[in-house]
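Student: Next comes the sequence, and after it the predicted model I'd like to discuss.
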Amino acid sequence: MRYLSILLLSAGLIPVTGWVAPAADASGAAKPQGAKVALETVMPEPIYVAIQSSGRVEVLPSGETWSGIEGAHYDALSSDGRWLLVSGLKTGKAYLIDTQSGELSTRIEIGELAQGVKISPDDRYGVAVAAKQGTIVVIDLSTQQVAKTIRVGDTPHNIRFSADGELAYVTLQGEGAIAMVDMQTLEKRRTIATPGLDTPHNLDFSEDGRYLWIRDFVGRVGVLDLKTKEMVQTFEVGDAHGGIDVIPGGEYVATSAIAGSKVTLIDAEDREIAARVEVGNGPHGVRASADGRYLYVAVTGEDAVAVVDMQSLEVVRHQPVDGSFPFWIAVPGNR
């Protein structure tokens, strides 16, 4: 299969736990060590960590764990915080969890290599990506049944909704493109090429919704103008794939690199790299608190969540998780 190696790495099937992180970066900055700030201070709202190899979700700061999600991969919250949708990499299923009780509400067949998940802004639909089938599965959350399966293209990976929920954008890792889906008709509307990014992987919107910030599989970030449908800039940001998050407030865009040990912070207005922060071995999922004060990083190779203070741009907490290979993080208010 043309993109088998990409899929295996993206899925976390090629481990990073054998890598050794450097003791210091080129500037001499020390590797983050333990706790500097109380956990409840840096996590005033619960965050939900998908722990892939252990097949569970951990809720921090409480430490509560929800098991039985084999290959817990990507996770996403509803806008009201009631539901958590999780993809099961090893099972090809999506799991819907009631966050109030911690109970599994339903399992839904998605397809092989289940990848990104997201819940629409109005909480009407959950959407899960099936990479091998080239589809997204739309789940009606009121009935918890599949509403429609939509063919979007070659090797889709992750998804984001426009602010009004009318459109969904899906990275096509096997095409060098983004699929645009009409969420009113549940039909694919068009494909948008991403020249300079051959393997678009994860994505997020600019604060004003005009641009898509796209992280690819091989160490680059690009900016797509949704008005002109043109790529306006690309950056070299690190090794292999990672997550991306436009920090609430819009000053920075954060992206990780799973084959490295740093998070890159890009000035969103100037579109220049502002800083690189040492967080530990194998960072992947990145998501900031709703107020933009703290950035949470899933550090796959150290089984921890690093917390970056976005004022000082320093790691202020390195919190171990209960399990192996934390991959993604869902945060209330930053969906």
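Tutor: All right, it came through fine. In this text, all values refer to a predicted model and were calculated from it rather than measured experimentally.

Student: Tell me the pLDDT of residue 335.
Tutor: pLDDT, residue 335: 85.

Student: That one: neighbour count?
Tutor: Using other C-beta atoms under 10 Å, residue 335 has 18 other residues around it. Just so you know, the C-beta spots here come from the backbone N, C-alpha and C atoms, and that holds for glycine as well.

Student: what residues are up against it?
Tutor: 76-77, 79, 118-119, 121 (C-beta atoms under 8 Å, 6 or more residues apart in numbering).

Student: where are the low-confidence patches of the stretch 1-150 of the chain?
Tutor: Within the stretch 1-150 of the chain, the stretches with pLDDT under 70 are 1-35.

Student: can you pull up the bridge partners for residue 252?
Tutor: Per DSSP bridges, the residues bridged to residue 252 are residue 267.

Student: begin at 8 from here
Tutor: Done: numbering now begins at 8, and the last item shifts to residue 259.

Student: Report the separation between it and residue 315.
Tutor: From residue 259 over to residue 315 the distance is 10 Å, taken as C-beta to C-beta, to the nearest Å.

Student: so how far is residue 284 from the nearest residue to residue 52 once chain neighbours are set aside?
Tutor: Spatial nearest neighbour of residue 52, excluding adjacent residues (C-beta to C-beta, 6 or more residues apart in numbering): residue 339 at 4.8 Å. Residue 339 is 23 Å from residue 284, where distance means C-beta to C-beta.

Student: between these two, who's got more neighbours?
Tutor: The residue with more neighbours, out of residue 339 and residue 284, is residue 284; 24 against 18, by other C-beta under 10 Å.

Student: The more buried one: what's it in contact with?
Tutor: With C-beta under 8 Å, 6+ apart, residue 284 has these contacts: 269-270, 272, 315, 320-322.

Student: and the gap between it and residue 319?
Tutor: Note on residue 284: its distance to residue 319, by C-beta to C-beta, is 10 Å.

Student: The protein: helices as residue ranges?
Tutor: 11-17, 46-49 (DSSP state H).

Student: can you count the residues close to the closest residue to residue 223 other than its chain neighbours?
Tutor: Residue nearest to residue 223 in three dimensions, not counting chain neighbours: residue 204, with 4.4 Å by C-beta to C-beta, 6+ apart. Around residue 204 there are 25 other residues, counting by other C-beta under 10 Å.

Student: Then the one 10 residues further on?
Tutor: Using other C-beta under 10 Å, the number of residues around residue 214 comes to 15.

Student: That one reaches residue 259, doesn't it?
Tutor: No. Using C-beta atoms under 8 Å, residue 214 makes no contact with residue 259, being 10.9 Å away.

Student: intersection of neighbour lists for the two?
Tutor: Looking at what touches both residue 214 and residue 259 (by C-beta under 8 Å, 6+ apart), the common residues are 253, 275.

Student: re the thing from before, of the contacts of residue 342, just say which sits nearest to residue 143.
Tutor: residue 125 (9.5 Å; C-beta to C-beta).

Student: May I have the residues that are in contact with that closest one?
Tutor: Counting by C-beta under 8 Å, 6+ apart, residue 125 makes contact with 83, 92, 133-134, 165-168, 175, 342.

Student: Please tell me how far it sits from residue 220.
Tutor: According to C-beta to C-beta, residue 125 stands 16 Å off from residue 220.

Student: roughly how far apart are residue 297 and residue 210?
Tutor: Residue 297 is 19 Å from residue 210, by C-beta to C-beta.

Student: Kindly report the same for residue 184.
Tutor: 12 Å.

Student: what about residue 94, neighbour count?
Tutor: By other C-beta under 10 Å, 29 other residues sit near residue 94.

Student: That one touches residue 117, doesn't it?
Tutor: Yes. Residue 94 is within contact range of residue 117, at 7.0 Å (criterion: C-beta under 8 Å).
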